[in-house]
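**Q** Here is my input; please provide its structure:
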Amino acid sequence: MFDLGDKLPKEKAANMNGIVLAFIGDAVHSLYVREKLAFSSDAKAGELNRLATERVRAGAQAAFAERLLPFFTEEELAVFKRARNAKKGTRAKSSTVAEYNVSTGFEAVIGYLYVTGEIGRLNELLRKEEGQ
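**A** Residues are numbered from 1 along each chain as shown. Presented below is the predicted three-dimensional model:
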């Protein structure tokens with residue numbers, strides 16, 4: 001049986017495919033951005049979607065990831081590098097290959113922290129997006 005919010009031991013999460021962690025991290029980051037925008041704005045859904053898209057696109061995630069790199073633990077950096085360097089089944093759409101690779105590494109770290117239940121650390125990193 002599976003319940004939303006179930007967590008994995010670090011050992012199992014560390015052995016997950018980096019692209020799978022990025023798949024989860026993409027959803028977590030998107031939800032974080034969407035909630036933050038919705039909770040702090042009276043904008044309509046179309047405008048919220050436009051604002052969210054600006055922040056979750058590969059180029060924006062790559063720029064944010066570059067600023068976060070000095071704050072990553074060794075464990076997070078290992079997850080980042082593994083996913084960044086992994087062979088991807090899809091191609092970058094509106095970004096460079098380098099941006100896409102870095103954003104995949106970023107998403108993998110977010111996914112890793114989420115699946116291991118390190119929500120405090122996850123929030124700590126995500127709050128740095130706007131210097132919070």
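**Q** outside of the helix or strand containing residue 35, which residues touch it?
**A** Per DSSP states H and E, residue 35 falls inside helix 18-40. Applying CB atoms under 8 Å, 6 or more residues apart in numbering, the contact partners of helix 18-40 are 13, 43, 48, 51-52, 55-56, 61, 79, 82-84, 86, 88-89, 104-112, 114-115, 122, 126. (C-beta placed from N, C-alpha, C; glycine too.)
**Q** now it: how far from the chain's centre is it?
**A** Its chain's C-alpha centre and that of helix 18-40 lie 6 Å apart, by CA atoms, centre = their mean, to the nearest Å.
**Q** In contact with residue 57: list those residues for me.
**A** Contacts of residue 57 by CB under 8 Å, 6+ apart are 94, 95.
**Q** Give me the local confidence score for it.
**A** pLDDT recorded at residue 57 is 94.
**Q** Tell me how many other residues crowd residue 16.
**A** 19 (other CB atoms under 10 Å).
**Q** let me fix that: residue 78
**A** Residue 78: 15 neighbours (other CB under 10 Å).
**Q** Now do the SS call for the most centrally placed residue in the chain.
**A** Central residue of the chain (CA atoms, centre = their mean): residue 107, 2.9 Å from the mean position. Counting by DSSP: H, G, I helix; E, B strand; the rest coil, the backbone at residue 107 sits in helix.
**Q** which of the contacts of helix 18-40 are buried?
**A** Buried subset of these (neighbour count, 16 or more other CB atoms under 10 Å): 13, 48, 51-52, 55-56, 61, 79, 82-84, 86, 104-112, 114-115, 122, 126.
**Q** sorry, back to before: what mean pLDDT would you report for the helix holding residue 35?
**A** For helix 18-40, the mean pLDDT works out to 95.
**Q** Contacts for whichever helix or strand comes after it next, please.
**A** Next in sequence after helix 18-40, counting helices and strands by DSSP H and E, comes helix 45-56. By CB under 8 Å, 6+ apart, the residues outside helix 45-56 that reach it are 26, 29, 30, 33, 34, 37, 38, 41, 43, 60, 129.
**Q** from these, which is closest to residue 2?
**A** residue 26 (19.4 Å; CB to CB).
**Q** looking only at pLDDT, what's the mean for the helix or strand containing residue 103?
**A** Using DSSP H and E, residue 103 sits in helix 97-115. Average pLDDT, helix 97-115: 95.
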